[in-house]
Structure formats: structure tokens, C-alpha cells
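Q: 3D model of this:
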Amino acid sequence: MKIYAFDVDDTLAVSGGPISIVSVGSLKPQGHIVGLNGNWAVVVQTVPLWHRIFSFVGPMEMSKDTFLNQLKTHIPADDYIMVGNIKGVSGASDDEGAANLAGWRFIKESDFAAGAR
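A: Predicted structure coming up:
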């Protein structure tokens, strides 16, 4: 089982990114845990039945890397993957930096949209 944490802005299609909710939704039936580590309010307000896709939403009142650390500390998995932006290259948030600080593997949003897992 893998845990995927998705940024929202400039990552998911509901907020200007290349990744469709359908492609994200395909991960959970494969046995993976899927959640949000970004502007989760956009998703819960625009995606009907969002709770059937996402197992966690955040970060709430903490940095992205701290949130990733909390997940990794308390949820055992085979792999921890942050999907999002490279600051200044593909978006405004430093998702790559947060993943590195937390010891998570990083996948750039356009690479995920092209099939990287």
C-alpha cells in the first residue's frame, strides 16, 4: 500500500492543474490511501462525493512538511508520495521541498498526469 498526498492549486484540474479527479480516484480501488496536502477547501467545495476519494485533508494550521511527517509517523505504508509543484517551475508552492524535508518521494504534477506513479 502507498500513501499519496496531492497538492491542489496548479496540481489538480479543479484548480488549474493537469491531474483529473478521475485519475486520482483510480488509486483507492488499487488499495492505496489518497489525500490532500494543499488547498483542500477547493476540493471539498467543488468535487461531489470527495470523501469517497480522499481519506485525509490538510494541512490545517501546520506546514506541508509537518503534515507529511505526521502522516508518515502514524500510518504505516510501503511508499509515501507527494504529488505537486516545483516552486517557480510548475506552481507557486514548494511541494518538492516539503516532500524532501519529510522524507517522501516526490512526483511533479505533470509527470503524474503523464502516468508516473
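Q: Wait, residue 68 touches residue 100, no?
A: No: checked against CB atoms under 8 Å, the pair residue 68 and residue 100 is beyond contact range at 10.1 Å. Yep, even glycine has a C-beta here, placed from its N, CA and C like the rest.
Q: which one of the two has more residues nearby?
A: residue 68 (25 against 14; other CB atoms under 10 Å).
Q: Nearest spatial neighbour of that one, chain-adjacent residues omitted?
A: Spatial nearest neighbour of residue 68, chain neighbours left out: residue 102 (3.6 Å); criterion: CB to CB, 6 or more residues apart in numbering.
Q: same check, this time on residue 107
A: Nearest to residue 107 is residue 83, by CB to CB, 6+ apart, at 4.8 Å.
Q: The helix or strand where the one you found lies packs against which elements?
A: Take DSSP states H and E as the rule and residue 83 turns out to sit in strand 79-84. When contacts are defined as 3 or more CB pairs under 8 Å, 6 or more residues apart in numbering; DSSP states H and E, strand 79-84 packs onto strand 2-6, helix 64-74, helix 95-102, strand 105-108, helix 109-113.
Q: Run through who's touching it.
A: 2-7, 11, 19, 37-38, 64, 68, 71-72, 91, 93, 95-96, 98-99, 102-109, 112, 117 (CB atoms under 8 Å, 6 or more residues apart in numbering).
Q: so of the helices and strands packed on strand 79-84, which one's packed in deepest?
A: Highest mean neighbour count among the helices and strands packed on strand 79-84 (mean count of other CB atoms under 10 Å): strand 2-6, with a mean of 24.
Q: Tell me the buried residues in the helix or strand that comes right after that one?
A: Elements were assigned by DSSP H and E; along the chain past strand 2-6, the next helix or strand is helix 21-25. Buried residues in helix 21-25, counting neighbours by 16 or more other CB atoms under 10 Å, are found at 21, 24, 25.
Q: Closest to residue 43 out of the residues you listed?
A: Nearest to residue 43 among those: residue 21, at 8.1 Å, using CB to CB.
Q: Surely that closest one touches residue 52?
A: No: counting by CB under 8 Å, residue 21 sits too far from residue 52 to count as a contact (10.7 Å).
Q: could I get the buried residues of helix 21-25 as TSV with pLDDT?
A: Below are those laid out as TSV (pLDDT from 0 to 100):
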residue	pLDDT
21	98
24	98
25	97
